[in-house]
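Asker: sequence plus the predicted model coming up.
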Number of protein chains: 4
Amino acid sequence: MTIRVTVWGENVHEQKNKTVAGIYPDGMHNTIAAALNRDSGIAAGSVTLQDPEHGLTAEKLAQTDVLIWWGHCAHGEVQDAVVERVAEAVWSGMGMIFLHSAHFSKPFKRLMGTPCNLTWREAGERERLWLTSRNHPIAAGLPDHFELEHEEMYGEPFGVPEPLETVFVSWFAGGEVFRSGLTYKRGAGNVFYFRPGHETYPTYHDANVQRVILNAVKWAHNPAARLAEPTVAPNVPVEQALEPIEERGPKLHAAGEEGYR
Amino acid sequence: MTIRVTVWGENVHEQKNKTVAGIYPDGMHNTIAAALNRDSGIAAGSVTLQDPEHGLTAEKLAQTDVLIWWGHCAHGEVQDAVVERVAEAVWSGMGMIFLHSAHFSKPFKRLMGTPCNLTWREAGERERLWLTSRNHPIAAGLPDHFELEHEEMYGEPFGVPEPLETVFVSWFAGGEVFRSGLTYKRGAGNVFYFRPGHETYPTYHDANVQRVILNAVKWAHNPAARLAEPTVAPNVPVEQALEPIEERGPKLHAAGEEGYR
Amino acid sequence: MTIRVTVWGENVHEQKNKTVAGIYPDGMHNTIAAALNRDSGIAAGSVTLQDPEHGLTAEKLAQTDVLIWWGHCAHGEVQDAVVERVAEAVWSGMGMIFLHSAHFSKPFKRLMGTPCNLTWREAGERERLWLTSRNHPIAAGLPDHFELEHEEMYGEPFGVPEPLETVFVSWFAGGEVFRSGLTYKRGAGNVFYFRPGHETYPTYHDANVQRVILNAVKWAHNPAARLAEPTVAPNVPVEQALEPIEERGPKLHAAGEEGYR
Amino acid sequence: MTIRVTVWGENVHEQKNKTVAGIYPDGMHNTIAAALNRDSGIAAGSVTLQDPEHGLTAEKLAQTDVLIWWGHCAHGEVQDAVVERVAEAVWSGMGMIFLHSAHFSKPFKRLMGTPCNLTWREAGERERLWLTSRNHPIAAGLPDHFELEHEEMYGEPFGVPEPLETVFVSWFAGGEVFRSGLTYKRGAGNVFYFRPGHETYPTYHDANVQRVILNAVKWAHNPAARLAEPTVAPNVPVEQALEPIEERGPKLHAAGEEGYR
């Protein structure tokens, strides 16, 4: 079964900043998608902020098994209606991977329910990622640690909920640590946050980083049929109760009525 | 140290529905607050949807250690700005307890990041709550199970994130089960969801239910000073790094610049 | 890739009790293995308590991707050395599924670190399992609830650690509930506990139960190479430190010495 | 309410090694206990490996609200019967704190069910602990990070189960990271692992370390009455079922019979 991946790219610094354009002449989103497409089980494409509806129409989301999100300077330009549509897709079973500065993207904050804040420093310092969950599928084929010679620092405390599992923790040359790989489930959808990827460094050309993203796509992919109505709260009428019961006491709702939301 | 509790009541059915008014002539919020005030370590008051800013001004939240929320038919009338203010208060360290139909309240959905949906039936059937975490502080003084003779049914799957701990699971006469007591942490704030409390039944007069809410207040209370800026993401300049590092490579940000949000 | 499954059966009541022998003339272990073998991606066999080393030699474990355990009246006859060998295999990456009364088996208690106790009643009452984690791979292809008309009751509180995820919760006709499907990770190994399966009822002939076990095998299977030494605690000499450091202060250990255990 | 703390010390290197004896002339256990006794709400004493039954008689454990454990070179000398007694006390509600090299102590491995292994280096390097859970009670009064100038390094992957919460993560000068503060619940007992404390450095004289241990004692303390029988698995006879049911189908057990263990 082919996993259909959509990489969402903000695509602003690639257009405006010569350094970023030099590292990612095709855009970060296309670099990430191209690396994924080297795996025969994956069909990855990309969309950007500038596309109509940011490229994330209902049709596109319905055809996306795993959505990858990278954004930074234009979080505020993402329309709230698209954010809700993305959240509903996750709840219905779409996998989602948030990269680096997407910690402050609207969909990540929407799904976490927390500030998602951290400390940071842009100094091209060394980052070393350590595996904290042995043989986790997201770490398949990776050593117990690997390095990125130049990265932006993100430091704890990271304002996210306690994850299902902490998969990676980063060491930074300047003295900080960060929980770099975190798994969540939201509704029927698997969610993974992965820290590296500042746009002025060639992080998404790194083989280990590409491997983590590939592994995360496979981990996040849920082959089950998408839930048709992930937010519905159905009434179960008394006469359809699984055990015979009699209605007792006072009621607010007439039979068959919708609940309050 | 006295724990300052604010009980937020929707206060609609108490005014419009004779059954509810008969059970809770002072309003559900005041019944809940009065039960808490029997504990000498607690000072509980109440506010309602109809108050200016729904009673939840910045000042009120600053003076609230634990906020309790009950709402049902008027979730949609709660202003979004107040919801954000409440969420920020939780992130800064305020404890929060959501009761029954508050599973669909705006603040709960905001903090969970999920649909928070379930199945339901209003038939006055028997509910039996079972303890699933022995000696949990929220279950202090309670037996391993207790019953509510008349309750609304809520059934699984409950659309919430996996909790830190599942404290109670409910059995219903009609054949369903429900995770009735769930703990979370959001930012610096402790959050508890507790299922019972349909307004047409005398649930908040029940001694065991009152005990759970009292215990939950004590559990959720965080005596640490509230975080002043729970959403801030401070830059750490290179020259203030805890370990000596030199700036390397290209940069996006000028020294001292704010990050993107 | 074929998943190699070994089903461990206690194989006592099948030999001594006419009811059990009538339901499982080939033994419970062989019934479970046969159901799994209908999936083309699985090669399942069985071993029993009565085999030399209970059938669980180092070679057998090395060739087992997922081990399934059913035991009841003879927990105490399992040799401690075999229990340790099984635990080490899990830590090195073998998946493991514990069924029903295996909650009191030595390997389960060894891996949980808790009493694993519960309440119980053998009355052939109705059990209904509810899904609590939507689209969880262990629930693939299953409805939101399914029933077993005759089962032994297990009731909360269940003396296990809080799981990674609660996948199923059971309702019992006599008024109890039970967390029936729980996931854990121990070392590099995935562990699943699944409640149903009292030997006097035809539970392992049930299509839904067979489906859960099949799904759980696929979920627990870790395709990564088994860790060679899952319990090793290697010293990292100063001269091999990833960042240049100088040895400082007093020492207990000579260079290259083993640590204490 | 006074919290009764017992500090268990291995007390070997204090007797044999001049460096350790110089830093801890009263023994590490007594240094830790003395720091705790500065809090008026705590009454801390100590026992050692050399005491009869290692100082951990049933009476002593019954009078201990929180047990702190430090051991290193003599893990193997701790009697298995005492380990089981300690584990049962935890399951019944006693709090327990494991310090530093106690990661390889018998009681910790017993309660975790995992290898509890790690990498290590004794080079007196700098350790910096970062808070990862804001306003966690175990971090009360502490800054977001603090340093120990000389410590032994412990590195990931740390072979423990995913905790309820990760409270601290350590940075080491040599390039490693480690999850340094981890919470668990086992039965009715709260368990905390805290990393620092190599015996050749003055770690337990450090004010921040003392504060963490003090906070952890308060967090781990469960004021509820200890469970009398934490491992019991009671039968619930049909005639005592909470809902009326009739016995159906074949049975293994006679009425009132004990279950198998």
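Answerer: Yep, it's here.
Asker: list the buried residues of stretch A:18-34.
Answerer: Neighbour-count burial for stretch A:18-34, counted by 16 or more other CB atoms under 10 Å in any protein chain shown, picks out A:20, A:23-24, A:27-33. (Each C-beta comes from the backbone N, C-alpha and C, glycine too.)
Asker: is any residue of the least confident helix or strand in chain A by mean pLDDT near chain B?
Answerer: Here the helix or strand of chain A ranked lowest by mean pLDDT, DSSP states H and E is helix A:13-16, holding a mean of 92. Yes. Applying CB under 8 Å from any CB of the partner chain, one finds helix A:13-16 touching chain B at A:His13.
Asker: who touches the helix or strand just after that helix?
Answerer: Downstream of helix A:13-16, the first helix or strand assigned by DSSP states H and E is helix A:18-23. Residues from elsewhere that reach helix A:18-23 (CB atoms under 8 Å, 6 or more residues apart in numbering or on different chains): A:13-15, A:28, A:199-202, A:205, B:250.
Asker: select from these every entry located in helices.
Answerer: Assigned to helices by DSSP state H, the following of the contacts of helix A:18-23 qualify: A:13-15, A:28.
Asker: if we take these, which one ends up nearest to chain D?
Answerer: Distances from chain D to these, taken as CB to the nearest CB, are shortest for A:Met28 (26.9 Å).
Asker: how far away is the closest one from chain B?
Answerer: As judged by CB to the nearest CB, to the nearest Å, A:Met28 and chain B stand 13 Å apart.
Asker: any idea which of the contacts of helix A:18-23 is closest to D:His72?
Answerer: Closest approach to D:His72 among the contacts of helix A:18-23 (CB to CB): A:Tyr201, at 42.2 Å.
Asker: what's around the spatially closest residue to the closest one that is not a sequence neighbour, how many residues?
Answerer: Leaving aside its chain neighbours, A:Tyr201 sits nearest to A:His150 (4.5 Å; criterion: CB to CB, 6 or more residues apart in numbering or on different chains). Look at A:His150: counted by other CB atoms under 10 Å in any protein chain shown, it has 17 neighbours.
Asker: repeat for the one 3 residues further on
Answerer: Neighbours of A:Met153 under the rule other CB under 10 Å: 28.
Asker: hmm, back to that, mind listing residues that contact the least confident helix or strand of chain A?
Answerer: Applying CB under 8 Å, 6+ apart, the contact partners of helix A:13-16 are A:20-21, A:24, A:27-28, A:72-73, A:199, B:252.
Asker: now do that helix: distance to the chain's middle.
Answerer: Centroid displacement of helix A:13-16 relative to its chain, using CA atoms, centre = their mean, to the nearest Å, is 22 Å.
Asker: can you tell me the helix or strand for the most centrally placed residue in chain A?
Answerer: Closest to where the C-alpha atoms of chain A average out (CA atoms, centre = their mean) is A:Ile97, at 2.5 Å. Using DSSP H and E, A:Ile97 falls within strand A:95-99.
Asker: low pLDDT regions in chain A?
Answerer: When residues are selected by pLDDT under 70, none of them lie in chain A.
Asker: many thanks, we can stop here.
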